[in-house]
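[1] Fold the following, please.
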Amino acid sequence: MFQRKILISNILIQNIILTCMIPSTELLKGKFIHQVYFWLVEPENKEDRKALEEGLKKLISIPAILHCHIGVPAETRREVIDSSFSISWLAIFSTAHDQDIYQEHPIHLDFVTHCSHLWNKVLVFDSTGIADQ
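    Numbering: from 1, shown residues only. Below you'll find the predicted structure:
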């Protein structure tokens, strides 16, 4: 029985590791990171939140995206943390050119057309790795 519990625990741990969305630091070298923060017009409106989440989920199918993450503010509270946003979107691309392809992809353009009325503020932070990383 004890060995079975260990086996089940090991399988669960392996599944958690295998389903991790963000790759190791080594895999991020040279990648293009696209971070977007959305502030909903009506932050308490569950239907609007769900509509934005569903719109973001559609973006996942764009082939240029290597890895992505849809998030909400963490429950961390420190002076340096801005948790005033409603939903965040993180997309990792191999190159800046792949990110350009994503920007012009019909699914992304459709997302902007059908979801932009949901937010009153959006901030985008794009970055690439430092040269000696």
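
[2] And residue 121, how far from residue 40?
    9 Å (C-beta to C-beta, to the nearest Å). For every residue, glycine as well, the C-beta is placed using N, CA and C.

[3] Show the residue spans covered by the helices in this structure.
    Ranges of helices in the chain, per DSSP state H, are 2-18, 25-28, 46-59, 96-104, 106-115.

[4] Among those, which one carries the weakest average confidence?
    Note on the helices of the chain: helix 2-18 shows the lowest mean pLDDT, a mean of 46.

[5] Show me what counts as buried in stretch 51-59.
    Residues 51-52, 55-56, 59 are the ones in stretch 51-59 that count as buried (16 or more other C-beta atoms under 10 Å).

[6] Tabulate those (CSV), appending distance to residue 100.
    Below are the buried residues of stretch 51-59 laid out as CSV (distance: C-beta to C-beta, whole Å):
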residue, distance to residue 100
51, 27
52, 23
55, 20
56, 19
59, 15
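
[7] So between residue 121 and residue 40, which is more surrounded?
    residue 40 (18 against 12; other C-beta atoms under 10 Å).

[8] Find the nearest non-adjacent residue to the more buried one, please.
    Spatial nearest neighbour of residue 40, chain neighbours left out: residue 86 (4.2 Å); criterion: C-beta to C-beta, 6 or more residues apart in numbering.

[9] doesn't residue 41 make contact with that neighbour?
    No - look at residue 86 against residue 41 with C-beta atoms under 8 Å: they stay out of range, at 9.4 Å.

[10] Can you check which residues contact both of these two?
    residue 119 (C-beta atoms under 8 Å, 6 or more residues apart in numbering).

[11] Give me the neighbour count for the closest residue to residue 64 other than its chain neighbours.
    The shortest distance from residue 64 to any non-neighbouring residue, by C-beta to C-beta, 6+ apart, is to residue 98 (4.2 Å). Number of residues near residue 98 (other C-beta under 10 Å) recorded here: 20.

[12] From here on, call the first residue 19.
    Happy to do that; since the first residue is 19 now, the last one works out to residue 116.

[13] Residue 116 and residue 84, how far apart?
    8 Å.

[14] still on that earlier bit, could you single out the nearest of the buried residues of stretch 69-77 to residue 91?
    residue 70 (14.2 Å; C-beta to C-beta).
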